[in-house]
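Chemist: need a structure here:
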Amino acid sequence: MKKFSNYFYVIIILSTLMLPILPVLASPTTAQPVDVINYMGYAGSDPSRGWDPAHHTANSPLRYYGYNCLEQLISVPYKWDGSWDDMIPVLATDWSVEWRTEDADHSGGIKAITFTLRDNVQFHDGSEWNSTVAAWNLNRTIWQSAGFGTLPPSPSVTNLWFKASDWASYFTPEWNFNWAIGKTATYGGLECDETSMVSHVSWINKTIAVDPLTLRIEFNAWNPKPFSLLSNKDAGLWHTMISMETYATNYTLERIPKWDSTDVVHYVGTGPYIFVEHDTVALQGGSVIRNDDWWNATAMQARGFHEVTEGRLVSYVRGPEGELARDLALLSGDIDLAFDVPAMPVNFDQVDSSANHEYYDLGVDFRLGPAIFLNTINESGYWTNPGVFNAPLPSPPFPPGTTVSKLWGNPNGIPRAIRQALTYAFDYVTFINTEKGGRAVRAGGILPVNNENNNPSVNLPDQDLAVARAKMLAAYPTETAARSLNGSSTDAEWINIGETNPIWSGVHHTESRFEEVNGYMILAANQIGCNFSLVDHPNGVFPDINTGKMPLLGSSSFSLNLPLPEVDIYPYLNLFLRTIRLPALLQGRSRNFVFFENATINGYLDEIYLNNGTKQQEAYDKFAYDIQNYHCPILYTTQQYHGMAHTKEWEYAMFSSYYDIMYLKQVDWTWIYPEDAIPGYSIPIVTFLSIISMLAIVYHMKRKNRLR
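Modeler: Got it, this is the predicted structure:
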């Protein structure tokens, strides 16, 4: 026992001497020449959905693999202004355009594009890149988008197909698809069994492999800007090329299985990195390794890029919990890089004040975040028809007896006058300065700031309580008079009515990512004599919309990040605001979750699609004015600054609009430690306390020996 005690005391003495300096001894030093980078992704609602490029979803960490492993014909340069001359050649080296005949109501249509493909390019499996492979990639996307296989149409069908009967009034002698009306959809020699695709015509007419290195794409769609859909960073990954040799036998019409399938290799492309593995649960991420046989390796490595030999994706759950864990990992050096995006922002102040980190500023993000969606269903004759919301849904996939109302509730939106008033009641300035810490700008409206068609002269409501209350007084004279409200009523009087005897009450659906909005929505409603109650969605609003856990038809409002790109925004406006019907919503072919329906707005969208230049801009202006000032289906809060936070071991250069680890350069760098190695105490103080403790232990040992 005495011997054990002596050993124990020796251990304590050594510990008191070593503990103050252990943080220094255990710390990393200068970067090593062979590098592995840990980079951040986030786990979305369903990580299994994103493996097939034809069905890519942003709600997945897998986009961070796709952009590193796969390539497309052409790429969008960083901060692209829409000029085709600036497009970056990737798997195509050159292209020529054949235009359609224009008239007074049609301009800017492209009939065909002929691409010259890059020679001597191989996929990760060793197979050759050529025009046959390119045509197969585009064809399978068209087939799958419309449900030619066993799965229903995908959301991309909205942009890759159009319904001939909807455009009949615009047909010309050259551009005419009356033959398709009432007929089964066809493409590439195949017929589509999906009944909802009757009368539909594919975006592409056909792809032609002219010779091994020449691909001709002929279009059915009028297509003012097909280059955007062929290269757009935000259109998903369907335009990227995968190996025909690896996937064609089993997955031409079928979707490539999800990540936990063991019988298929994922993301076999031509890109600078090769996919290795992913498991959100077991690995909390996955990895890619450098493709040393990449066609552009020599040129990029000569410039100091494509040096990272392995990339390890570290996944974090969405929301405050995941953001905190990710920020701690970044600041401690456990991960090297994190993307600062509205879906999962980094703590900018901590990164900015760190001696070991840099922030690569990418400016104002194209996403509106959060955008507050206001339900307009009350103005829809279709969605308020009992024959629609009481209609039985097909079984399967829905349980027997399921109706639209049982799945998504009964129609109950926000009256237009109250939506208009809310746009003037919301405190945008305080929200930006307080909740976003100034790291955002006021959103530009339905055409965001920096969008090529944004016209600052089109009015976008700011907070003006006098205007907001005037709209309430005009729309609800009886209700306001009964509550003694008038143009002279004070803020306190309006707020009191909103809290105790509201003119109108609604339900705002929220989640942890957007809880910052809650108080502002309630206050905005109170300021006009109305009120909101809150319903929380722990799994997230969008996932609960998809699973039917959110009563979408009866939800007054909710928040989401709204992607609205700076160039060629039409496909997104079409997806979010064009009139929809039940089949499109059930199949995910629309994101019109506020059930907005207006023939005039549909007409503006048609004009935007069929024209370019001045006539198109005039249509955008009319569209934006009506949406922002009259219909008001969305509150446009902010567009946040975004970028990339990384340790100073790395430098980043942004050439294209993709988050590629290829563009990282490793530099000679040593971690800098603060004077306080142990938080709250300096090393001298801790050492002094350790010496005092050691002397006390020695004294105790001697005294104990004397007592014996």
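
Chemist: all the helices of the stretch 51-200 of the chain, residue numbers only.
Modeler: Here the stretch 51-200 of the chain has its helices, by DSSP state H, counting those that start in this stretch, at 63-69, 131-146, 157-160.

Chemist: tell me how this protein divides into domains.
Modeler: The record's domain parsing of the chain by automatic domain parsing lists 2-23+682-707, 36-336+649-666, 367-641.

Chemist: nearest to E358, out of those domains?
Modeler: Across these, the minimum distance to E358, taken as CB to CB, is reached by domain 36-336+649-666, at 8.1 Å. Any C-beta I mention is one placed from the backbone N, CA and C, and that applies to glycine too.

Chemist: so the residue nearest to H55 when sequence neighbours are not counted versus T403, what's the distance?
Modeler: Leaving aside its chain neighbours, H55 sits nearest to S154 (5.4 Å; criterion: CB to CB, 6 or more residues apart in numbering). Here the criterion is CB to CB, to the nearest Å. By it, S154 lies 25 Å from T403.

Chemist: tell me what T638 is bridged to.
Modeler: Taking DSSP bridges as the rule, T638 bridges to R442.

Chemist: tally of neighbours for it?
Modeler: Using other CB atoms under 10 Å, T638 has 23 other residues around it.

Chemist: for it, what are its contacts?
Modeler: Listed by CB atoms under 8 Å, 6 or more residues apart in numbering, the contact set of T638 reads L368, G369, P370, Y428, F431, I432, K436, A440, V441, R442, A443.

Chemist: quick one: which of those sit in helices?
Modeler: Among the contacts of T638, the residues falling in helices (DSSP state H) are Y428.

Chemist: got JSON lines for the contacts of T638, with neighbour count and distance to E191 too?
Modeler: As requested, the contacts of T638 are exported to JSON lines (neighbours: other CB atoms under 10 Å; distance: CB to CB, whole Å):
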{"residue": "L368", "neighbour count": "26", "distance to E191": "40"}
{"residue": "G369", "neighbour count": "25", "distance to E191": "42"}
{"residue": "P370", "neighbour count": "24", "distance to E191": "43"}
{"residue": "Y428", "neighbour count": "21", "distance to E191": "51"}
{"residue": "F431", "neighbour count": "20", "distance to E191": "52"}
{"residue": "I432", "neighbour count": "20", "distance to E191": "53"}
{"residue": "K436", "neighbour count": "20", "distance to E191": "51"}
{"residue": "A440", "neighbour count": "23", "distance to E191": "49"}
{"residue": "V441", "neighbour count": "18", "distance to E191": "50"}
{"residue": "R442", "neighbour count": "16", "distance to E191": "50"}
{"residue": "A443", "neighbour count": "27", "distance to E191": "44"}
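
Chemist: which stretches of the stretch 501-650 of the chain form strands?
Modeler: Using DSSP state E, counting those that start in this stretch, the strands of the stretch 501-650 of the chain run over residues 505-510, 531-536, 557-563, 634-636, 638-647, 650-652.

Chemist: in JSON lines: those, plus mean pLDDT and distance to A297.
Modeler: Listed next are those as JSON lines, based on pLDDT from 0 to 100; distance: least, CB to CB, whole Å:
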{"stretch": "strand 505-510", "mean pLDDT": "97", "distance to A297": "48"}
{"stretch": "strand 531-536", "mean pLDDT": "97", "distance to A297": "49"}
{"stretch": "strand 557-563", "mean pLDDT": "93", "distance to A297": "32"}
{"stretch": "strand 634-636", "mean pLDDT": "98", "distance to A297": "44"}
{"stretch": "strand 638-647", "mean pLDDT": "92", "distance to A297": "23"}
{"stretch": "strand 650-652", "mean pLDDT": "86", "distance to A297": "19"}
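
Chemist: buried deepest among these, which one?
Modeler: Ranked by mean neighbour count, the strands of the stretch 501-650 of the chain are led by strand 634-636 with a mean of 25 (mean count of other CB atoms under 10 Å).

Chemist: how far does it sit from its chain's centre?
Modeler: Remark: strand 634-636 is offset 17 Å from the chain centroid, using CA atoms, centre = their mean, to the nearest Å.

Chemist: what's that strand packed up against?
Modeler: strand 367-374 (3 or more CB pairs under 8 Å, 6 or more residues apart in numbering; DSSP states H and E).

Chemist: show me what counts as buried in the helix or strand following the strand it packs on.
Modeler: Using DSSP states H and E, the helix or strand that follows strand 367-374 in sequence is helix 386-389. By neighbour count on 16 or more other CB atoms under 10 Å, the buried set for helix 386-389 is V388, F389.

Chemist: and the residue nearest to G540 when sequence neighbours are not counted, what pLDDT?
Modeler: Of all residues not flanking G540 in the chain, E511 sits nearest, at 5.0 Å (CB to CB, 6+ apart). If you check E511, the pLDDT there is 93.

Chemist: and E511, what does it touch?
Modeler: Listed by CB under 8 Å, 6+ apart, the contact partners of E511 are G319, D536, H537, P538, N539, G540, V541, S559.

Chemist: hmm, which of those are the buried ones?
Modeler: For those, a burial check counting by 16+ other CB under 10 Å picks out G319, H537, G540, V541, S559.

Chemist: ok, now how distant is the second one from G588?
Modeler: Computed with CB to CB, the distance linking H537 and G588 is 19 Å.

Chemist: repeat for the last one
Modeler: As defined by CB to CB, S559 lies at a distance of 20 Å from G588.

Chemist: check the first one too.
Modeler: When CB to CB is applied, the distance between G319 and G588 equals 23 Å.

Chemist: isn't T600 right up against D626?
Modeler: Yes: applying CB atoms under 8 Å, one finds T600 in contact with D626, separated by 6.9 Å.

Chemist: between the two, who's got more neighbours?
Modeler: Per other CB under 10 Å, whichever of T600 and D626 has more neighbours is D626, with 17 against 12.

Chemist: any regions of the stretch 351-500 of the chain where pLDDT drops low?
Modeler: The stretch 351-500 of the chain contains no residues with pLDDT under 70.

Chemist: show me the helices in it, by range?
Modeler: According to DSSP H, counting those that start in this stretch, the stretch 351-500 of the chain carries its helices in the segments 386-389, 404-408, 416-425, 428-430, 465-475, 477-482, 491-500.

Chemist: now the third one: how far from the chain's centre is it?
Modeler: For helix 416-425, the gap between its own C-alpha mean and the chain's C-alpha mean amounts to 27 Å (CA atoms, centre = their mean).

Chemist: got it, and the fourth one?
Modeler: When distances are taken as CA atoms, centre = their mean, helix 428-430 is centred 24 Å away from the chain's centroid.

Chemist: just give me the closest of the buried ones among the contacts of E511 to H306.
Modeler: Comparing the buried ones among the contacts of E511 against H306 with CB to CB places G319 closest, at 34.2 Å.

Chemist: where does the stretch 1-150 of the chain dip in pLDDT?
Modeler: Low-confidence segments of the stretch 1-150 of the chain (pLDDT under 70): 1-37, 39-50, 56-62, 81-82.

Chemist: at 90 what do you get?
Modeler: 1-68, 74-88, 101-110, 145, 149-150 (pLDDT under 90).

Chemist: sorry, back to before: need the helices of the stretch 51-200 of the chain in JSON lines with mean neighbour count and distance to K471, can you?
Modeler: Below are those laid out as JSON lines (neighbours: other CB atoms under 10 Å; distance: least, CB to CB, whole Å):
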{"stretch": "helix 63-69", "mean neighbour count": "24", "distance to K471": "42"}
{"stretch": "helix 131-146", "mean neighbour count": "22", "distance to K471": "42"}
{"stretch": "helix 157-160", "mean neighbour count": "24", "distance to K471": "34"}
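
Chemist: how about CSV for the ones you listed, with distance to D52 added?
Modeler: Formatted as CSV, the helices of the stretch 51-200 of the chain follow (distance: least, CB to CB, whole Å):
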stretch, distance to D52
helix 63-69, 10
helix 131-146, 8
helix 157-160, 15
